[in-house]
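Q: I would like the atomic coordinates for the input below:
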Amino acid sequence: MTRPIARWIPLLAALSAGCAPAPPPAAPTAEEVTAKKAASMALTALLNRKFDVQGCDASEARVVQEAEARAGTPQGERCAILVARRSDRTWLVAVRSSLSSASVGAQALVTVLPEAEGVGAIEYTR
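A: Just a heads-up that it's a prediction; the model follows:
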C-alpha cells in the first residue's frame, strides 16, 4: 500500500514547486508618481472652475506622448485622463468628462507645472 503513494510524492513535490506566489507588481517610477499628482492637480483645478469631474480618478490616468494627450480621447461613458510630459518639463493633462456628466463629454487640456505644484493654463475643447 505504501508503494503506490510513494510514486505520487515526487509528482506532488514538482506540482507544488510550480505554485509559487506571483511576484508583487513593480513599484511605480518617480515619473509615474508625479504624473498621477499632475492628474490630481488638474482635476482639483477643474473642479474649482465648475468643470464636472464626476467619475474621474487620477489613479486611472494613462501616461502617453504629448501628441496623444493633445488629441484627447473620444467621448464616452467614462471620464478619461491622459497625461504627458512636455519638453519644457511641464505636464499636459487631458481630461475628457463622461457623457453623463454636467460637462457632457467636454475636454479640458490642463498645463501643470513641472513637479505638479500648480496649474499654468486650462483650455477647453469639445
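Q: Next, the contact list for S40, please.
A: S40 makes contacts with 58, 116, as judged by C-beta atoms under 8 Å, 6 or more residues apart in numbering. Any C-beta I mention is one placed from the backbone N, CA and C, and that applies to glycine too.
Q: what helix or strand does it sit in?
A: Assigned by DSSP states H and E, S40 belongs to helix 30-48.
Q: Identify each buried residue in that helix, please.
A: Buried residues in helix 30-48, counted by 16 or more other C-beta atoms under 10 Å: 34-43, 45-46.
Q: just the strands in this protein please.
A: 62-63, 80-85, 91-96, 107-112, 119-125 (DSSP state E).
Q: Let me know which of those is tucked in deepest.
A: Looking across these with neighbours counted as mean count of other C-beta atoms under 10 Å, the highest average goes to strand 91-96: a mean of 26.
Q: That one pairs with which strands, and in what direction?
A: Using DSSP bridges, strand 91-96 pairs in its sheet with strand 80-85 (antiparallel), strand 107-112 (antiparallel).
Q: what about those, which gets the closest to V64?
A: Across the strands paired with strand 91-96, V64 has its closest neighbour in strand 80-85 (5.0 Å, C-beta to C-beta).
Q: what is the mean pLDDT for that closest one?
A: Average pLDDT, strand 80-85: 96.
Q: likewise stretch 101-117?
A: Average pLDDT, stretch 101-117: 88.
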